[in-house]
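>>> my questions concern the predicted model and sequence given below.
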Amino acid sequence: MDVILFLIFAIIAVVCAINVVVQTHPISSAISLVGVMGSLAVLYLLLGAEFIAAAQVIVYAGAIMVLFVFVIMLLNAGAETKKGQSTMALFLGVPLLAGLLIVMSWYLQGWFPANTTVHFGGFSLPALPGKVAESGGSAHQVGMALFTTYLLPFEVTSVLILIAILGAIVLARKEMD
Amino acid sequence: MSEIPISWFLTLSAILFALGVAGFLFRRNIITVFMSIELMLNAVNLSFITFSYKLQKVDGHLLAFFVMVVAAAEAAVGLAIILTVFKNRATLNIDEIDSMKN
């Protein structure tokens, strides 16, 4: 059952990712990217990462991709114009990338033998004090780690987002003369 | 058979990352190049979650969470830069955005 689920969503993710790369119109690429992110969210659930799966759907597929689609509509971006593109890059680059992938998968198979496996619900952590045991990736467990061990990076993140907001406003505002 | 070898997840992550690299290098539309970067970040996130499962620790989830936050900030600033570039040069082709080259 888990294997079938994995295969279905892995194939959807790979097909959508290929579609992102080969489509000439940016809006088609954006919709395919939403497909990749949605199927990755299912795979996160399979790995027991409930909180990250929800965040993936809300933040990536929701917020970031809406931003992309807005910008594509705002700029009225049409299909890509091809000119002066070397076919050499395609004939050399695709086999090289395929070779890299084959070598990488070969080593991955070697490093992680077939007995290290994933099954749904297999990710568990010791229960928090005074609580019943729950899945390892629940919002409770992630939140506990986020606000204790990772408190400093979390606070630094807020500064980063503030700077990003200011930067985006400064870049995109109209010049006042 | 309901057990998935852990290397399948990592191989899927490698495939998605390689496709992201291919999109980044082959495409000429600046928005599509940007989307390829997001694809690569997603592939890395899948690796983080997989290793988190393998080690039975929640730390990988936190790293994926921070990658997500940084990706959101990066998308906001990057798309603002794309808007500014388009306002000044009226093109989205990265071959024509070459003022730092000469």
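Received it, and whenever you're ready, just let me know what you need. Residues are numbered from 1 along each chain as shown, chains lettered A, B, ... in the order given.

>>> lowest-confidence helix or strand of chain B?
Taking mean pLDDT, DSSP states H and E as the measure, chain B has strand B:4-5 as its least confident helix or strand, at a mean of 86.

>>> and that one, what does it pack against?
When contacts are defined as 3 or more C-beta pairs under 8 Å, 6 or more residues apart in numbering or on different chains; DSSP states H and E, strand B:4-5 sits against helix A:2-22, strand A:117-118. Placement of C-beta: from N, CA and C, glycine included.

>>> neighbouring strands for it, and are they parallel or not?
The partner list of strand B:4-5 in its sheet, established with DSSP bridges, is strand A:117-118 (antiparallel).

>>> who's in contact with the strand it pairs with?
Applying C-beta atoms under 8 Å, 6 or more residues apart in numbering or on different chains, the contact partners of strand A:117-118 are A:2, A:46-47, B:3-6, B:9, B:50, B:53.

>>> for stretch A:32-40, same thing?
Residues contacting stretch A:32-40 (C-beta under 8 Å, 6+ apart): A:9-10, A:12-13, A:16-17, A:19-20, A:23, A:56-57, A:60-61, A:65, A:68, B:16, B:35, B:38-39, B:42, B:45-46.

>>> and with 6 Å instead?
Contact with stretch A:32-40 is made by A:9, A:12-13, A:16-17, A:19-20, A:60-61, A:65, B:35, B:42, B:46, as judged by C-beta atoms under 6 Å, 6 or more residues apart in numbering or on different chains.

>>> quick one: which two of the residues you listed are the most distant?
Greatest spacing in those, by C-beta to C-beta: A:F9 and B:M35 (19.9 Å).

>>> more crowded one of those two?
Set A:F9 next to B:M35 and count neighbours by other C-beta atoms under 10 Å in any protein chain shown: B:M35 wins out with 27 against 19.

>>> in which helix or strand would I find that one?
Under the criterion of DSSP states H and E, B:M35 resides in helix B:30-55.

>>> go on, A:K131?
Assigned by DSSP H and E, A:K131 falls within no helix or strand.

>>> what's the burial count for it?
10.

>>> how about the nearest residue to it, chain neighbours excluded?
A:H140 (7.3 Å; C-beta to C-beta, 6 or more residues apart in numbering or on different chains).

>>> what pLDDT is listed against the one you found?
The score at A:H140 is 86. That number is its pLDDT.

>>> ok, B:L12 touching A:A10?
Yes - B:L12 lies in contact with A:A10 (C-beta atoms under 6 Å); the separation is 5.0 Å.

>>> that older thread, now the helix holding B:M35, how far from the centre of its chain.
Relative to the chain's own centre, helix B:30-55 is displaced by 6 Å; criterion: C-alpha atoms, centre = their mean, to the nearest Å.

>>> averaged pLDDT, it. What do you get?
In this model, helix B:30-55 carries a mean pLDDT of 93.

>>> repeat that for stretch A:51-63.
In this model, stretch A:51-63 has a mean pLDDT of 91.

>>> kindly report the same for stretch A:146-159.
Averaged across stretch A:146-159, pLDDT comes to 93.

>>> stretch A:1-9 now?
Mean predicted confidence for stretch A:1-9 is 89.

>>> tell me the buried residues in the longest helix seen in chain A?
Taking DSSP state H as the criterion, chain A has its longest helix at helix A:87-111. For helix A:87-111, a neighbour-count test (16 or more other C-beta atoms under 10 Å in any protein chain shown) marks A:97, A:101, A:104-105, A:108 as buried.

>>> how far does that helix sit from its chain's centre?
Centre-to-centre, helix A:87-111 and its host chain are 21 Å apart (C-alpha atoms, centre = their mean).

>>> and if you look at stretch B:76-86?
When C-alpha coordinates are averaged (C-alpha atoms, centre = their mean), stretch B:76-86 and its chain have centres 17 Å apart.

>>> how about it and chain A, any contact?
Yes - counting by C-beta under 6 Å from any C-beta of the partner chain, chain A is contacted by stretch B:76-86 at B:76-77, B:79-81, B:83-84, B:86.

>>> check stretch B:11-22 too.
Yes - Stretch B:11-22 comes into contact with chain A (C-beta under 6 Å from any C-beta), by way of B:11-12, B:14-16, B:18-19, B:22.

>>> pLDDT wise, what is the most centrally placed residue in chain A at?
Nearest to the geometric centre of chain A sits A:M37, at 5.6 Å (C-alpha atoms, centre = their mean). A:M37 is assigned a predicted lDDT (pLDDT) of 94.
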